[in-house]
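>>> Need a 3D model of the following:
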Amino acid sequence: REAQAMDPQQRLFLECAYEALEDAGHDAERYPGWIGVFAGAKMNSYLLSHHRALLQKFESSEAMQLLIASDKDYLTTRVAYKLNLKGPSISVQTACSTGLAAVHQACQSLRAVECDMAIAGAASVMFPERRGYFYEKGGPCSPDGHCRPFDADAAGTVFGDAVGAVVLKRLEDAIEQGDFIHAIVLGSATNNDGAAKVGYTAPSVDGQASVIVMAHEVAGVRPDTIDYVEAHGTGTTLGDP
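Coordinates of the predicted model:
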């Protein structure tokens, strides 16, 4: 019954969080410290596709269970309940930047010693699974089904489904406990563009430059030492420039 009502994004993120801990070599039941969860998900299109008519038929108790299984507010607390995690369990929602914002929040929580280990990530799975779109000139979607970020022929993006999670620790703890370290987060920063842009969904050069400078200062790195940059390349005529 629970599986029937649950947003697949919640189920898939729970699986991913479990595998992330397993891959990190930690058993949540035996780990002596507090483990936090920071994550977000896309709008629950599974509910809209499959359960819209059921909402009116359910008794109040059933409707409450459907709400808990469906609302993205309960994404992280479900993981904490199923895996018996005692650290902060925070749902993070910032649209396209949700996954990275979750990592930032997890790092802040670790630095504040609110938790000793943190799972951070996001889920985005849309329904129905077989779907398409009508191309509209000037819109965000690609005219031919291909996404070409930072390319002269870029004309739009293509949406997909994905779930991801990482396990984070304070560096000194990871070294002391003999963990395999895939990467080190030297620093992170977040801000908002405010109104200094041509439209709500448009990017802001000043806002992006400001947060990059802040991240460099927090990390203690100089720009000329950076030789690889990963960006949110949408392949759209508005976003990539």
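
>>> Let me know the pLDDT of Val163.
We note a pLDDT of 97 for Val163 in this prediction.

>>> Could you tell me the backbone phi and psi angles at it?
Torsion angles at Val163 (phi, psi; degrees, to the nearest 10) stand at phi -140, psi 140.

>>> where exactly do the strands run in this structure?
For the chain, the strands defined by DSSP state E cover 35-41, 89-91, 117-124, 162-168.

>>> got CSV for those strands, with mean neighbour count too?
Heads up, the C-betas are built off the backbone N, CA and C, glycines and all. Listed next are the strands of the chain as CSV, based on neighbours: other C-beta atoms under 10 Å:
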stretch, mean neighbour count
strand 35-41, 28
strand 89-91, 20
strand 117-124, 27
strand 162-168, 19
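
>>> would CSV of these with distance to Ala202 be doable?
Listed next are these as CSV, based on distance: least, C-beta to C-beta, whole Å:
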stretch, distance to Ala202
strand 35-41, 22
strand 89-91, 27
strand 117-124, 22
strand 162-168, 25
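
>>> how far away is Leu100 from Ala39?
Distance of Leu100 to Ala39, computed by C-beta to C-beta, to the nearest Å: 12 Å.

>>> Can you give the distance from the least confident helix or strand in the chain by mean pLDDT to the centre of its chain?
Using mean pLDDT, DSSP states H and E, helix 60-70 stands out as the lowest-scoring helix or strand of the chain, at a mean of 78. On the basis of C-alpha atoms, centre = their mean, to the nearest Å, helix 60-70 is displaced by 24 Å from the centre of the chain it belongs to.

>>> cool, and stretch 114-126?
7 Å.

>>> Restricting to C-alpha, output that stretch in CSV.
Taking C-alpha atoms only, stretch 114-126 is exported to CSV below (Å, rounded to 0.1, in the frame of the first residue of the first chain):
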residue,chain,number,x,y,z
GLU,A,114,25.2,19.6,13.7
CYS,A,115,26.1,16.1,12.3
ASP,A,116,29.1,13.9,11.8
MET,A,117,28.2,12.6,8.3
ALA,A,118,25.7,13.8,5.8
ILE,A,119,23.9,12.5,2.7
ALA,A,120,23.3,15.1,0.1
GLY,A,121,21.5,14.9,-3.3
ALA,A,122,18.4,15.2,-5.3
ALA,A,123,15.8,13.3,-7.4
SER,A,124,14.0,14.3,-10.6
VAL,A,125,11.8,11.7,-12.2
MET,A,126,8.8,12.8,-14.3
